[in-house]
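Return atomic coordinates for the entry below.
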Amino acid sequence: MRRASLALVLALLACEAAPPRRIETGLALDGSLIRPRPDDGRDAMSRPIETGDDLAIWAADARPDASTTPEGDGSPRSPSDADRPPPNRDAAEPDPPPDLDCPGGGAARNYWPDFDGDGFGDAVARPLAACEPLAGNVTNRDDCDDSEARVNPDASEHCDGRDEDCDDEVDDNAVDGSRLFADEDGDGYGNERVPVIACEGSPTATARGGDCDDLDRFVAPNAPERCNAADDDCDGRSDENVRAEQWHIDGDGDGFGGREVIETCDPPPNVTFDESDCDDDNEEVNPFADEICNGVDDDCNDVVDDRRGFAYRDEDGDGIGGRGAFVEGCAEPGFVADDGDCDDADDMVFPGAAEVCDGLDQDCDFWTDEDLPERMVFRDQDGDGWGWRSGAELACGIGAGYAERGEDCDDLDETVNPGAMEVCDQQDNNCDGEADDGLVFRRLFRDRDMDGYGESFTGQDRCDEGPGYAPLDGDCDEFNPARNPGQVEVCDGEDNDCDFDRDEGLPIVRQYRDQDGDGFGQTFTARDQCAGKVGYVALGDDCDDFDDAIFPGAPEVCDFSDQDCDRRSDEGLMVTWYRDFDGDGCGQAGLTMMSCDAVEPGYSRQPGDCDDFVDNLSCGC
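Okay, here's the model as predicted:
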C-alpha cells in the first residue's frame, strides 16, 4: 500500500508540470476541498488523494471547466478587470482550519493564487489552506490586478490612467511624468511655487503657472476682474477697469436707502440701490411700512395718517386692541390697527404673546399653557411640599396646591410626609410604612393623677412618656397625687407611700377630738395615735367643742358664759352700780348692783348722793 501511494505521489508531481493537472488547491476554511476558479475568483470542489500516513496532497479535478483556457490546455485563466470585484486588502486574514492534519505536526498556512506570476497574490480570491507551499500560489494578497505582472505593489507608476503600484491612486509619481505646477482649485492655472511631477491631463496639476490664489477658482491670470478690492486676474492690481456704481446708504437697516449716496464697486454693508426711505433714521418708516395713527408719514407716500379701516382701543398698551371700542380711520392716541386682544387690561396677553405656565391664555388662541413641556405634579392639600400619591396630574409647572413630589401618606397633615422626622405619636410621620420606627421604646405606666407613678397593671412599651404616662409604677391611688411610692408617710389614716400600711413609723401621742378647730379637744375624746391627724389636737379640756371661742385660756367676755373653761363666767369683768333715783349721776351707796355690762337707766357708777331725790345735790353733798 505504501508503494502504491508513493507511485501516486510521483504521478501527481508529474501532473504539476502538465497544465491540466496543476496542484494548486487545498482545504477551505469550512473544511471542504477547494481549488481556485480563475475565471470568477470563486472556489470549486475537489477530491482528496491519500498518499500515505505522513503526507497529504490535495489535487484539483482534472476535468476541463470554466477555469481552463478556451484552447483547452488546462492552464488557469486570471480574471479580467471587468470580472474583478474591488479588492479589500484591509479585511482581516482568516485563520487556517484547525482540523488540517499536517505531517510532522506543522501548521497550515493560507495561500492566494498568483495568476500573473509577479509574486503577489490575488486580493479578491479566497485563500487556500495547505501544509506546504502550493505551486502558483503565494502567502500574500496584495495584487490589485493579478492579470498583469506589471501591476503590483512593487511596480512603477506610469502615465497610463491606471493604478500600477496598487496604492489606490492613478498616475501618482509616474516615472514618465512631467514637471508641472499644483492646481488645487482646478482652474487650469497652477502655483509656480509648488512644482510637482505629474502626468499631463492630471486634474490637480497643470503646465500653466501664474495663479496668485490657488484656492479660489475665480482667481487666475485669465479671470475677469471683479469689483471686490482683490486682484482677480493676477496682474498685481485690483478692481482695474471696473465701473463703480452708486449706492444709497440704509442708515436704519430697513432695506430702503435714503438720499445719501456713495460710489464704489465694492458696496459696504447697509447700502442699497433704493432711495425711497423718507426717514432713514427710523426702521419703522419705509415705503412698505403700514400707516398707523401717529402723526408720521409711515409709508413714505407724502400723506400723514392716511390710514383706511378701523382702529381699536388699546387699553394696556401692548400694541393690540381689544374687541370693544373702535373708530374708523385714525383717531386719538390709544387706538391701534390690530384687534384680537383677549385681555386688554394685561399687556402680557395678546395674540402672538409667549405662553407661560400660569393657567391663562397669553396668546389669545383659546388654549391655556399649550405647547409647554409638561411634567408630573401631585395635589398637595396640606401645603407641606409633598403631594398625595394618587393625585398625579400632568402640568407645565408646579402651581399653588401642587407639589413636585408625590409620596405623602397623609395629605391633610403638614407634619406627615417623607421628609418629616419620625416622632413618638403612634403615627407614620415619614411615610415609610411604620409608625415610631427608629425611636427608643421603654416600659411606661398609666399615670392619671400626674404624680410620676403609674398603676403597675397598665404597663406598655412606648417611645416617650407623654402626658398621662410615667416610667415608674406602684401607685396605689391613681386619683390622689399625694399617694404614691415616693411619698413620705404622714399621719392621716391613709397609706401614703403605697406599702399597704397606714401611718406606719410615726410616733404615738395622746390626742383629742377637736370639732370646732380651736386647738382644744374635749377630754373624753382622747385617743393614743400619731400626731398630725386631721381633726385631732394635743390639748384637751375644751368645755364647749362646738364653739371655737370657748377653750382653756380664751378671753372671758361679758355674756354670762364660761369662755376660758374655768367653770366661772364673766370673772374679772363685774363692776358695782349704785341706784340713782334723781338721775344726777350719783347713786346711793346703800343700794348697789353687780354687773359686767351697762344696766338699765337709774344706776350710776358714782356713789355718794346724800339725797337721791333732789337732783341738785351732787355727790359728796
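
Tell me where the stretch 351-500 of the chain has strands.
Secondary structure of the stretch 351-500 of the chain, counting by DSSP state E, counting those that start in this stretch: strands at 375-379, 386-388, 392-395, 402-403, 405-408, 442-446, 453-454, 460-462, 469-470, 472-473.

what would those strands look like in CSV with mean pLDDT and distance to Ala108?
All C-beta atoms are positioned from the backbone trio N, CA, C, and that covers glycine. Formatted as CSV, these follow (pLDDT from 0 to 100; distance: least, CB to CB, whole Å):
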stretch, mean pLDDT, distance to Ala108
strand 375-379, 89, 65
strand 386-388, 88, 73
strand 392-395, 84, 67
strand 402-403, 88, 73
strand 405-408, 88, 68
strand 442-446, 90, 84
strand 453-454, 92, 96
strand 460-462, 83, 82
strand 469-470, 89, 91
strand 472-473, 90, 95
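
Packed most tightly, which of those would that be?
Of all the strands of the stretch 351-500 of the chain, strand 453-454 carries the top mean neighbour count, a mean of 26, counting by mean count of other CB atoms under 10 Å.

Pro333 is nearest to which of the strands of the stretch 351-500 of the chain?
Judged by CB to CB, the one of the strands of the stretch 351-500 of the chain that comes nearest to Pro333 is strand 392-395, at 40.7 Å.

re the thing from before, got JSON lines for the strands of the stretch 351-500 of the chain, with distance to Val537 too?
Formatted as JSON lines, those follow (distance: least, CB to CB, whole Å):
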{"stretch": "strand 375-379", "distance to Val537": "75"}
{"stretch": "strand 386-388", "distance to Val537": "70"}
{"stretch": "strand 392-395", "distance to Val537": "80"}
{"stretch": "strand 402-403", "distance to Val537": "74"}
{"stretch": "strand 405-408", "distance to Val537": "69"}
{"stretch": "strand 442-446", "distance to Val537": "39"}
{"stretch": "strand 453-454", "distance to Val537": "32"}
{"stretch": "strand 460-462", "distance to Val537": "47"}
{"stretch": "strand 469-470", "distance to Val537": "37"}
{"stretch": "strand 472-473", "distance to Val537": "36"}
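
Of all these, which one comes closest to Val296?
Between Val296 and the strands of the stretch 351-500 of the chain, the tightest spacing by CB to CB is seen for strand 392-395, at 45.8 Å.

Show residues contacting that closest one.
Cys357, Asp369, Glu374, Arg375, Met376, Val377, Phe378, Arg379, Tyr402, Gly406 (CB atoms under 8 Å, 6 or more residues apart in numbering).

of all the strands of the stretch 351-500 of the chain, which lies closest to Asp116?
Taking CB to CB, strand 375-379 is the member of those nearest to Asp116, at 71.3 Å.

Just give the number of residues close to the nearest residue to Glu407 once chain neighbours are set aside.
Nearest in space to Glu407, with sequence neighbours left out and distances taken as CB to CB, 6 or more residues apart in numbering, is Pro418 at 4.7 Å. Pro418 has 16 neighbouring residues, counting by other CB atoms under 10 Å.

Show the pLDDT at Pro418.
For Pro418, the pLDDT comes out at 92.

Just want the phi and psi numbers for it.
Here is the backbone geometry of Pro418 (degrees, to the nearest 10): phi -60, psi -20.

you'd agree it is up against Ala403?
No - applying CB atoms under 8 Å, one finds Pro418 not in contact with Ala403, separated by 11.0 Å.

returning to what we had before: need the contacts of strand 392-395 in JSON lines (columns: distance to Asn301).
Shown next, in JSON lines, are the contacts of strand 392-395 (distance: CB to CB, whole Å):
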{"residue": "Cys357", "distance to Asn301": "45"}
{"residue": "Asp369", "distance to Asn301": "44"}
{"residue": "Glu374", "distance to Asn301": "50"}
{"residue": "Arg375", "distance to Asn301": "53"}
{"residue": "Met376", "distance to Asn301": "57"}
{"residue": "Val377", "distance to Asn301": "55"}
{"residue": "Phe378", "distance to Asn301": "61"}
{"residue": "Arg379", "distance to Asn301": "60"}
{"residue": "Tyr402", "distance to Asn301": "56"}
{"residue": "Gly406", "distance to Asn301": "63"}
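
Give me the below-cutoff pLDDT ranges for the stretch 1-150 of the chain.
Across the stretch 1-150 of the chain, the ranges flagged by pLDDT under 70 are 1-99.

related to what we said a few turns ago, out of the strands of the stretch 351-500 of the chain, which is closest to Cys530?
strand 453-454 (23.7 Å).

per-residue confidence at Asn301?
Per-residue confidence (pLDDT) for Asn301: 89.

Select, out of the strands of the stretch 351-500 of the chain, the one closest to Asp118.
strand 375-379 (71.1 Å).
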